[in-house]
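Visitor: Kindly return the folded structure for what I paste below:
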Amino acid sequence: MSLPPLVEPAAELTVDEVRRYSRHLIIPDVGMDGQKRLKNAKVLCVGAGGLGSPALMYLAAAGVGTLGIVEFDEVDESNLQRQIIHSQSDIGRSKAESARDSVLGINPYVNVILHEERLEADNVMEIFGQYDLIVDGTDNFATRYLVNDACVLLNKPYVWGSIYRFDGQASVFWSEYGPCYRCLYPEPPPPGMVPSCAEGGVLGVLCASIGSIQVTEAIKVLAGVGDPLVGRLMIYDALEMQYRQVKVRKDPDCAVCGENPTVTELIDYEAFCGVVSEEAQQAALGSTITPKQLKEWIDDGENIDIIDVREVNEYEIVSIPGARLIPKNEFLMGNALQDLPQDKRIVLHCKTGVRSAEVLAVLKSAGFADAVHVGGGVIGWVHQIEPEKPVY
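Guide: Residues are numbered from 1 along each chain as shown. The predicted model follows:
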């Protein structure tokens, strides 16, 4: 679907800019007019992490005049495997500031605006209203639905990307010309069903593959060239090195962009996505212990069975002494219940406490009334008990 240019061209390019962007200028489909449109464009990147890193770097290199960065986190050592906009010396720094410095190092002609805050329903409309196009580099469902709904309500296009292990997806959502994210995914998956990258991992270079697709689509939309991924989902399998496309049609019954929308203003997206299910929340009430409590139980020789519900690869990185591994899915399938001891108190843990709460709900319903889980999981254990151990 060929679309009109999103922005008007800037008045001119300086002599220095002509030299810098000369390889764009000699492409007939871009040329002077397209480069002037990029100069005049205002693009917001939501996140300066795995996808935001290559996106910001290539948007800057391409000559997008104004780049906004929404990011509230700090650089952690585990980020450096994929978040290439940051370096070793940036550990502990604001990601937004680190990203800004890298962007200006690539292209000093870019105007960088920082929004060092968490994107939420009470600030998203004001922030998004300042930009022509949004590039979504988020890694959680609540923020993805927030970005989508805000863009639909503001009638703004956005470029979406998603990564997990060796798989990536990308598309352009613009409700004026095609479907929105809700047309593709009307409802979020059940809590705990889809692991995050922090839980399941991601191949670092996959970020570059999907991030570069996002920037390619952004340039096409801004300059009005080519056929953007509106109404199409690009799926990339890095292991098989295969790309395929799936057509996505606008849903007339879509809750936000349909003919009779039921979502006409922003909602509580954490509640909508159910970060932790109601069953897990109920199970955890009064049955959550701290890492320090677990350490006391171990030291006192309490009659407990410590069960780690993460995956094998996670267990091999770091584990709590005495814990045995039974992955979460074994409980959900019912395979693990028959092997649990009846004469010991079950203590569950995962990385942060989300998966263990879900398993705790399964155990409670199966009659293990005194089972508990560790709030904060192995990350809390490392920080509070064994800080010399690695975290991931």
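Visitor: what about Pro4, neighbour count?
Guide: For Pro4, the neighbour count with other Cβ atoms under 10 Å is 7. Yep, even glycine has a C-beta here, placed from its N, CA and C like the rest.
Visitor: While we're on the nearest residue to it once chain neighbours are set aside, how confident is the model there?
Guide: Leaving aside its chain neighbours, Pro4 sits nearest to Gly224 (5.3 Å; criterion: Cβ to Cβ, 6 or more residues apart in numbering). What the model reports as pLDDT for Gly224 is 97.
Visitor: quick one, strands of this protein?
Guide: Under the criterion DSSP state E, strands of the chain are mapped to 42-46, 66-70, 111-115, 133-136, 158-164, 167-173, 232-237, 242-247, 288-289, 304-308, 324-325, 345-349, 372-374.
Visitor: Could you dump these into CSV and include mean pLDDT and mean neighbour count?
Guide: Shown next, in CSV, are those (pLDDT from 0 to 100; neighbours: other Cβ atoms under 10 Å):
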stretch, mean pLDDT, mean neighbour count
strand 42-46, 98, 26
strand 66-70, 98, 23
strand 111-115, 98, 17
strand 133-136, 98, 27
strand 158-164, 96, 25
strand 167-173, 97, 24
strand 232-237, 97, 17
strand 242-247, 97, 10
strand 288-289, 95, 16
strand 304-308, 97, 20
strand 324-325, 96, 12
strand 345-349, 97, 24
strand 372-374, 97, 26
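Visitor: quick one: which of those strands is nearest Glu126?
Guide: Nearest of the strands of the chain to Glu126, taken as Cβ to Cβ: strand 111-115 at 9.7 Å.
Visitor: The closest one pairs with which strands?
Guide: Applying DSSP bridges to the sheet, strand 111-115 is found paired with strand 66-70 (parallel).
Visitor: circling back: gap between the residue nearest to Pro4 and Arg37?
Guide: Using Cβ to Cβ, to the nearest Å, we find Gly224 at a distance of 7 Å from Arg37.
Visitor: Compare the two (neighbour count), which wins?
Guide: Using other Cβ under 10 Å as the criterion, Gly224 and Arg37 rank with Arg37 on top: 25 against 17.
Visitor: I'd guessed that one sits against Lys220; true?
Guide: No: using Cβ atoms under 8 Å, Arg37 is not in contact with Lys220, being 11.0 Å away.
Visitor: centroid residue for the chain?
Guide: Nearest to the mean C-alpha position of the chain, counting by Cα atoms, centre = their mean, stands Asp139 at 1.0 Å.
Visitor: Pretty sure that residue sits against Gly200.
Guide: No: if you go by Cβ under 8 Å, Asp139 and Gly200 don't touch, sitting 11.0 Å apart.
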